[in-house]
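In: Okay, structure incoming, though there's no sequence with it:
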């Protein structure tokens, strides 16, 4: 018998056109959109599931934030997260990330 991890929010793991596995259909659809933007030259350096360590007092790592996507647009780094629901955990990590990295997280909702 194979153990299959059940999703916390009922989302289904989905492949995008590029063959990457994503945590949700919305995230896979956004990957498809961003890939087209990259091919058109509107964004560069598209990456998915990028880990950022988050530090507290005395520069001790307290947790990590995993961004759905990062890319460069108009010379600026963009950190993007696809969300259906904003959890308390995400809200805290967002504040920690934005304070430490001086970069706002772009929240995206994809209509399926």
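Out: Right, received. Where do you want to start? Since the model is a prediction, treat every value here as computed from it, not as a measurement. Numbering: from 1, shown residues only.

In: For this protein, which segments count as helices?
Out: Secondary structure of the chain (DSSP state H): helices at 25-39, 88-101.

In: Quick one: the ones you listed as a markdown table, columns for distance to residue 77 and mean neighbour count too.
Out: C-beta here means a position set from N, CA and C on the backbone, and glycine is covered the same way. A markdown table is the format used below for the helices of the chain (distance: least, C-beta to C-beta, whole Å; neighbours: other C-beta atoms under 10 Å):
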| stretch | distance to residue 77 | mean neighbour count |
| --- | --- | --- |
| helix 25-39 | 14 | 18 |
| helix 88-101 | 9 | 14 |
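
In: Please compute how far stretch 80-96 lies from its chain's middle.
Out: Stretch 80-96 has its C-alpha centroid displaced from the chain centroid by 10 Å (C-alpha atoms, centre = their mean, to the nearest Å).

In: Let me see the contact set for the residue nearest to residue 73 when sequence neighbours are not counted.
Out: Nearest non-adjacent residue to residue 73, counting by C-beta to C-beta, 6 or more residues apart in numbering: residue 43, 4.8 Å away. Residue 43 is in contact with 34, 37, 71-73, 78, counting by C-beta atoms under 8 Å, 6 or more residues apart in numbering.
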